[in-house]
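Undergrad: How does the following fold in three dimensions:
(one chain, ligands or ions: 1)
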Amino acid sequence: MDMCDLIHLKKSGQALTAADWTWMIEGYVAGRIPDYQMAAFLMAVCFQGMTEAETIALTRQMTGSGDCLDLSSIQGVTSDKHSTGGVGDKTTLVVAPLAAALGLKVAKMSGRSLGHTGGTVDKLESIPGFCSELAPERFEEQVNDIGLAVIAQSGHLVPADKKLYALRDVTDTVDSLPLIASSIMSKKLAAGAATIVLDVKCGNGAFMKDPDQALKLAQLMVRLGQAAGRPVTAFLTAMDRPLGQAVGNAVEVQEAIATLQNQGPADLTRLSIGLAAEMLQLATRLTHPADLASRPAQITDPAWPATPAACLRKAQEALRSGQAWLRFRQMVQAQGGDLAYLDRPERLVGQAQRQTLTAPVDGWFDWIDTEGVGLAAKALGAGRSQLGEALDPAAGIILRAKPGMAVRQGQPLAELLTSSPSRLAEARERLLACCHFVPLASKPDSKPVACTQALPLFIARVSSDGQTETLPAHYPANEVNI
Ligand code: URA
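TA: Numbering: from 1, shown residues only. This is a model prediction of the structure:
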């Protein structure tokens, strides 16, 4: 086989065989295929696409390119959740303990991202003492004991993706659906959980801005799960405004704590309950009703229906009762975090400088450039541009107003926090440019545009057999009473 032949095949719109993919990925990871040839191949993929069989072959090859976690020593159903990422997305901090409180086993590996803010692990590390590196035995022991652990993704997980993604990033070849789907799913499959729930974001703060493209990605990832024999469901959820009010690292932990204490924003609370309920439903369906030992510990009644409504109720109860909060505390303590900061979360931002941004005019807060808000948080020091760069854990934004509200000139719109005051001016300017107002008089019926145009929180669901349903605004997870 020759890489030039494979580039030519793809350039002329033909499909590679599974053996071709194996040869190419093995050769690339081993350094036998140079970056310039792989870059040419990836560009051909962007123009010609890939068949489903090719995407399955690539995903399989990437999944097996490094370590695959063996979670067989964990008792119960292991369950994972993945978000394609957005602004203010701290859902894992709430969903993981909530799922553990429901009896699921959440053995989660999370990345340190290059996004506007850090990844889940960066956020957790803003709790002094929190350790995200656990030896495999400790990791498994902790999941068996308290139902959850969140650690940093090992460098040996899917090395093929690591290398390919770095190349895609600098050759403008990221935006290909099969490449994105195989990149995400290979990491999820290698992380070993028996069931996976995907939260695919769409809207102006998401990686996939267009709902149709986001839905295609969700459907493809569910089918890749199917092909790997792993039940996967996906939700399409809104990212046309930041999730909750906090965007940053420590400020997002503060908001997650408030949510676990039933005092969080409605959107984050509903999203967390809906995702945890889906994880419960998938895990309960997976196990044979007679096999009680392997069912989620809380679901011991073999006749329990595991309907969406029943799962939502269970998730709501687990949050309301404080069980999810208890699991979060147990995890932080088990991983060395200082519980005093959970008791007084205001201490998480230390002595950060604060500045208030106020509304420049009277008007309806019409819409927000969500990605721009993320970039403003990054300008404060909340995100990194290169792997390994240090973050300012205290940097971030707390939105005091969101689209759909009427505001008065001089009313606080947001608070900016940073440990480097010299960053405030740029971030403030960026943030102000993200907020769009229309005069109050242009809305004679007093109905803000954002209220009629905003995406519902849960937009669509793709079940593990690939069925897609569009979710109405009154879909139960959109209306959970909080
Ligand atoms: N996130 C990933 O993990 N991979 C992609 O290709 C795109 C987003």
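
Undergrad: Which pLDDT value goes with the residue nearest to residue 153 when sequence neighbours are not counted?
TA: The shortest distance from residue 153 to any non-neighbouring residue, by Cβ to Cβ, 6 or more residues apart in numbering, is to residue 109 (4.5 Å). For glycine as for every other residue, the C-beta is placed from the backbone atoms N, C-alpha and C. At residue 109 the predicted local confidence, pLDDT, stands at 93.

Undergrad: how many neighbours does residue 109 have?
TA: Neighbours of residue 109 under the rule other Cβ atoms under 10 Å: 23.

Undergrad: Tell me which residues touch residue 241, please.
TA: Contacts for residue 241 (Cβ atoms under 8 Å, 6 or more residues apart in numbering) come out as 203, 205, 367-368, 370, 402-403, 450, 454.

Undergrad: of these, closest to the ligand?
TA: residue 205 (14.5 Å; Cβ to the nearest ligand atom).

Undergrad: What is the neighbour count of that closest one?
TA: 27.

Undergrad: Residue 87 is in contact with that one, correct?
TA: Yes - counting by Cβ atoms under 8 Å, residue 87 is a contact partner of residue 205 at 4.2 Å.

Undergrad: Find residues that contact each of those two.
TA: By Cβ under 8 Å, 6+ apart, the residues touching both residue 205 and residue 87 are 239, 242, 370-371, 373-374.

Undergrad: CSV for those, including secondary structure and distance to residue 7?
TA: Output for the shared contacts of residue 205 and residue 87, formatted as CSV (DSSP: H, G, I helix; E, B strand; the rest coil; distance: Cβ to Cβ, whole Å):
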residue, secondary structure, distance to residue 7
239, coil, 35
242, coil, 41
370, helix, 38
371, helix, 34
373, helix, 40
374, helix, 36
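
Undergrad: Give the buried subset of these as a PyMOL selection command.
TA: Provided next is the PyMOL selection string for whichever of the shared contacts of residue 205 and residue 87 are buried by 16 or more other Cβ atoms under 10 Å:
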select buried, resi 239+242+370+371+373+374
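
Undergrad: what does the domain assignment say about the chain?
TA: Here the domain parsing of the chain from automatic domain parsing is 3-49, 79-341+456-479, 352-438.

Undergrad: follow-up on the earlier one: what does the helix or strand that the residue nearest to residue 153 is a member of rub up against?
TA: Assigned by DSSP states H and E, residue 109 belongs to strand 106-110. With Cβ under 8 Å, 6+ apart as the test, strand 106-110 has contacts from 69, 71, 74, 78-81, 92, 96, 99-100, 119-121, 132, 139-140, 143, 147-154, 157, 191-193.

Undergrad: Would you point out which residue of this structure is nearest the ligand?
TA: The nearest approach of the chain to the ligand comes at residue 183, 3.4 Å away (Cβ to the nearest ligand atom).

Undergrad: In the chain, where is pLDDT below threshold?
TA: For the chain, the stretches with pLDDT under 70 are 114, 287-300, 302-303, 441-453.

Undergrad: What parts of it come near the ligand?
TA: Residues of the chain lying close to the ligand (Cβ under 6 Å from any ligand atom) are 165, 174, 179-180, 183-184, 207.

Undergrad: rerun that using 8 Å as the cut-off
TA: Applying Cβ under 8 Å from any ligand atom, we find that the chain lies next to the ligand at 84-85, 111, 161, 165, 168, 174, 179-180, 183-184, 187, 207.

Undergrad: Taking these, tell me the two that lie furthest apart.
TA: Farthest pair in those (Cβ to Cβ) is 111 and 179. Separation: 17.4 Å.

Undergrad: In terms of neighbours, single out the busier of those two.
TA: residue 179 (22 against 17).

Undergrad: so which helix or strand takes in the residue nearest to the more buried one when sequence neighbours are not counted?
TA: Leaving aside its chain neighbours, residue 179 sits nearest to residue 45 (6.2 Å; criterion: Cβ to Cβ, 6+ apart). Secondary structure from DSSP H and E places residue 45 in helix 35-48.

Undergrad: tell me which residues in that helix are buried?
TA: Those would be 35, 37-46, for helix 35-48 by 16+ other Cβ under 10 Å.

Undergrad: picking that back up, got a list of what the residue of the chain closest to the ligand touches?
TA: 62, 161, 164-165.

Undergrad: Kindly list the main-chain dihedrals of residue 232?
TA: Backbone geometry at residue 232, expressed as degrees, to the nearest 10, gives phi -130, psi 130.

Undergrad: what's the answer for the one 4 residues further on, then?
TA: In this entry, residue 236 is assigned phi and psi values of phi -100, psi 120 (degrees, to the nearest 10).

Undergrad: same thing with residue 481?
TA: According to degrees, to the nearest 10, residue 481 has phi -70, psi 120.

Undergrad: what's the answer for residue 248, then?
TA: Residue 248 has phi and psi values of phi 160, psi -150 when expressed as degrees, to the nearest 10.

Undergrad: start at 161 instead
TA: I'll keep to 161 as the first residue from here, and by that count the last item is residue 408.

Undergrad: thinking it is in contact with residue 536, fair?
TA: No - counting by Cβ under 8 Å, residue 408 does not reach residue 536; the two are 10.3 Å apart.

Undergrad: Identify the contacts common to the two.
TA: Joint contacts of residue 408 and residue 536 (Cβ under 8 Å, 6+ apart) are residue 557.
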